[in-house]
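A.B. asks: build me a structure from this.
(one chain, ligands or ions: 2)
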Amino acid sequence: MLDELLATWIDRQRWFGGKGRPIDALSIDSDVELAPGLRHLIVAVWQEGSRDRYQVLLGERHSLPDRLAHALIGTVGDVHLYDAVHDSERTDWLLDGMARGEDRSGLRMRHVPGAAIDTEPRSMVLSAEQSNTSLVYGDAYICKLFRRLIPGVNPELEIVNALAARNAPHIAQPYGWIETDLDGTGTTLAFMQEYLSTANDGWDLALASVRDLYASLPEIPASEVGGDFAAESMRLGAATARVHRELAAAFPTDVIETHEVKRMAEGFRRRLGRAVAEVPALRPHVPGIEHACHQVELLTNEVPVQRVHGDYHLGQVMRTTTDWVVLDFEGEPGQPLAERRALSSPLRDVAGMLRSFDYAARHLLAGHSEADDLEPRAQEWADRNRAAFLDGYAEGGGVINRGDAVLLRAFELSKAVYEVVYEARNRPTWLPIPLAAFRPR
Ligand SMILES: Nc1ncnc2c1ncn2[C@@H]1O[C@H](COP(=O)(O)OP(=O)(O)O)[C@@H](O)[C@H]1O
Ligand SMILES: O=P(O)(O)O[C@H]1O[C@H](CO)[C@@H](O[C@H]2O[C@H](CO)[C@@H](O)[C@H](O)[C@H]2O)[C@H](O)[C@H]1O
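C.D. replies: Ligands and ions are numbered 1, 2, ... in the order given. Modelled structure (predicted):
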């Protein structure tokens, strides 16, 4: 019964990675009572022969207050079962557990050594569009529950703890985490960090700037429009370079030898092949992308690699009153953990952010009555901020050599291919944004 209710409910959740594909079966792999009226479930979802596991905090109440009506999963007998992340009277249990360093039925709750956790604040679910679910406790902490579970330590916990141990700038301080064993491997279930309560999301700031530009007279250059963002893009570039330096110091680094570089093209092609099979709208762009892959095969330089962010975009950076902070070091949701932890070229992150400037410039055009007139403005904004970001990256000590242009272009196209699949699955009306990346330059 519960499995049937969960199968209907899970398909509607923003964080469910299998949207668009039928659910063949759903089973409950683990069901642990954490506290009265609060259960921790690990749910296995089978789709097209493959299995993914998700984490659900299940609340049980005989009468469901109105404030929780939207979280209802279903009713069995006289018990209402609901998504308990929305219930601040239950989620205090997570905070208490981390503060005390408790173990409960195989769930281990931990805090960063020396961190004092205030257990007073009550939680609210962050309303951002997310691949996970984040609980904000007062204005102190944000605790991210990883919905799709992959055995192993989550790269975000691994990276932020390592950078914090080096007193690295541009990160939100870590406070605690929750883990369990999955397939015999210690697996991160949740990670709690400092909540940047007064900071602004890079995406929102960028959009405000784009709106200002759209509203300005066409003859006024972007540099003279009130909300110009280029200085911020430049600062973000410098912060990115610093984070890359810290990552290189905190984790091993390596070099892809010249004769191995062409293997990178194979990786790009594999992604392209899978994406075209899923989103036919990509097909006309294959020759252009293939050409970029071929250019990578012709490279004759070696490529330095290190740990990187892996899914770097404007929604992953926040501007505090003093500087930029980088969030969400867990790589692309949906990729295997080994791939997300693998050493890669930092150009991959640079390319991710360059794509994001394109997204910000174009996303207001969809359905806009003056889209054709505004297109050159969008291009101007993207070009200006992309250039400023690259300048800042170089000024901050980030390395982009002349020959790196080929790799950067290939990383950008590969990211756009990923985005096409992401948008087709999650926000089909946004599909034209990444598709515009394949226009010849
Ligand atoms: N430490 C933080 N302080 C304030 N807001 C945060 C913090 N971490 C995340 N956020 C907000 O939550 C949003 C989603 O966070 P993110 O880590 O990217 O989650 P996901 O991996 O699920 O997308 C961010 O865009 C930001 O607005
Ligand atoms: O932040 P997440 O880890 O959930 O990343 C996923 O979702 C992102 C969207 O929220 C998606 O990013 C794409 O859209 C952004 C605007 O919403 C844009 O700034 C990015 O450049 C674009 O890639 C990301 O790709 C996906 O992994």
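
A.B. asks: what about the helices in the stretch 201-350 of the chain?
C.D. replies: 202-215, 230-250, 258-278, 286-297, 337-341, 347-362 (DSSP state H, counting those that start in this stretch).

A.B. asks: which stretch among the ones you listed comes nearest M109?
C.D. replies: Nearest to M109, of all the helices of the stretch 201-350 of the chain, is helix 337-341, at 21.7 Å by C-beta to C-beta. (C-beta placed from N, C-alpha, C; glycine too.)

A.B. asks: other residues contacting the closest one?
C.D. replies: The contact list for helix 337-341 (C-beta atoms under 8 Å, 6 or more residues apart in numbering) reads 150-152, 155, 158, 307, 310, 330-332.

A.B. asks: what about it and ligand 1, any contact?
C.D. replies: No - Helix 337-341 does not reach ligand 1 (C-beta under 6 Å from any ligand atom); its nearest approach is 11.9 Å.

A.B. asks: hmm, that helix touching ligand 2?
C.D. replies: No - Helix 337-341 lies apart from ligand 2 when judged by C-beta under 6 Å from any ligand atom; the minimum separation is 11.0 Å.

A.B. asks: pull the distance from that helix to the chain's centre.
C.D. replies: Here helix 337-341 is found 14 Å from its chain centre; the criterion is C-alpha atoms, centre = their mean, to the nearest Å.

A.B. asks: I figured Q295 was touching A410, is that so?
C.D. replies: Yes - Q295 is within contact range of A410, at 7.0 Å (criterion: C-beta atoms under 8 Å).

A.B. asks: settle it for me: which of those two has more neighbours?
C.D. replies: Set side by side, Q295 and A410 show more neighbours around A410, with 26 against 15, by other C-beta atoms under 10 Å.

A.B. asks: the stretch 201-350 of the chain against ligand 1: which residues are in contact?
C.D. replies: Contact residues, the stretch 201-350 of the chain versus ligand 1 (C-beta under 6 Å from any ligand atom): 201, 315-316, 318, 327-328.

A.B. asks: show me these that map onto strands.
C.D. replies: Per DSSP state E, strands hold the following members of these: 201, 318.

A.B. asks: the residues of the stretch 201-350 of the chain next to ligand 1: which ones sit near ligand 2?
C.D. replies: Contacts with ligand 2 within these, as defined by C-beta under 6 Å from any ligand atom: 315, 328.

A.B. asks: between the residues of the stretch 201-350 of the chain next to ligand 1, which is nearest E302?
C.D. replies: Nearest to E302 among those, with distances taken as C-beta to C-beta, is Q316, at 28.5 Å.

A.B. asks: and the closest residue to the closest one other than its chain neighbours, how far from F268?
C.D. replies: Nearest residue to Q316 in three dimensions, chain neighbours excluded: D328, at 4.7 Å (C-beta to C-beta, 6 or more residues apart in numbering). As judged by C-beta to C-beta, to the nearest Å, D328 and F268 stand 23 Å apart.

A.B. asks: comparing these two, which residue is more hemmed in?
C.D. replies: Neighbour count, other C-beta under 10 Å: between D328 and F268, D328 has more, with 23 against 19.

A.B. asks: quick check: phi and psi at that one.
C.D. replies: Note on D328: its backbone torsions stand at phi 60, psi 60 [degrees, to the nearest 10].

A.B. asks: now do the contacts for it.
C.D. replies: So D328 contacts 156, 309, 311, 316 (C-beta under 8 Å, 6+ apart).

A.B. asks: tell me the one of the residues you listed nearest ligand 1?
C.D. replies: Q316 (5.3 Å; C-beta to the nearest ligand atom).

A.B. asks: for ligand 2, what are the nearby residues on this structure?
C.D. replies: Within the chain, the residues that sit near ligand 2 (C-beta under 6 Å from any ligand atom) are 129-131, 203, 311, 313-315, 328, 332-333, 355-356, 359, 419, 422.

A.B. asks: buried subset of these, written for ChimeraX?
C.D. replies: Buried members of these, defined by 16 or more other C-beta atoms under 10 Å, are picked up in ChimeraX with:
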select :130,131,203,311,313,314,315,328,333,355,356,359,419,422
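
A.B. asks: sort the residues of the chain next to ligand 2 by pLDDT and name the bottom one.
C.D. replies: On pLDDT alone, E129 ranks lowest of the residues of the chain next to ligand 2, at 62.

A.B. asks: to which secondary structure element is C143 assigned?
C.D. replies: strand 141-145 (DSSP states H and E).

A.B. asks: what's that strand in contact with?
C.D. replies: Against strand 141-145 from outside (C-beta under 8 Å, 6+ apart): 55, 57, 85, 94-95, 117, 121, 123, 126, 132-137, 156, 172, 175-176, 189-195.

A.B. asks: what's the first helix or strand after it?
C.D. replies: Downstream of strand 141-145, the first helix or strand assigned by DSSP H and E is strand 148-149.

A.B. asks: and that following strand, anywhere near ligand 1?
C.D. replies: No - judged by C-beta under 6 Å from any ligand atom, strand 148-149 makes no contact with ligand 1; its nearest approach is 10.3 Å.

A.B. asks: in its sheet, what does that strand sit against?
C.D. replies: strand 50-61 (antiparallel) (DSSP bridges).

A.B. asks: count the residues that sit near A69.
C.D. replies: By other C-beta under 10 Å, 11 other residues sit near A69.

A.B. asks: and it, how close does it get to D83?
C.D. replies: 11 Å.

A.B. asks: quick one: which two of the residues of the chain next to ligand 2 are the most distant?
C.D. replies: Spatially, the most separated pair among those is Q130 and R355, at 19.1 Å (C-beta to C-beta).

A.B. asks: correct me, but M234 touches A394?
C.D. replies: No - with contacts counted by C-beta under 8 Å, M234 stays clear of A394, the gap being 10.0 Å.

A.B. asks: so L343 sits against P304, correct?
C.D. replies: No - between L343 and P304 there is no contact under C-beta under 8 Å: 9.1 Å.

A.B. asks: list the residues that contact both of these two?
C.D. replies: 253-254.

A.B. asks: quick one: the residue nearest to D212 when sequence neighbours are not counted and A206, what's the gap?
C.D. replies: Nearest residue to D212, sequence neighbours excluded (C-beta to C-beta, 6+ apart): G227, at 3.2 Å. In this view, G227 and A206 are 10 Å apart by C-beta to C-beta.

A.B. asks: more neighbours, these two?
C.D. replies: Neighbour totals were compared for G227 and A206, and A206 leads with 26 against 16 (other C-beta under 10 Å).

A.B. asks: how close does the more buried one sit to D228?
C.D. replies: 11 Å.
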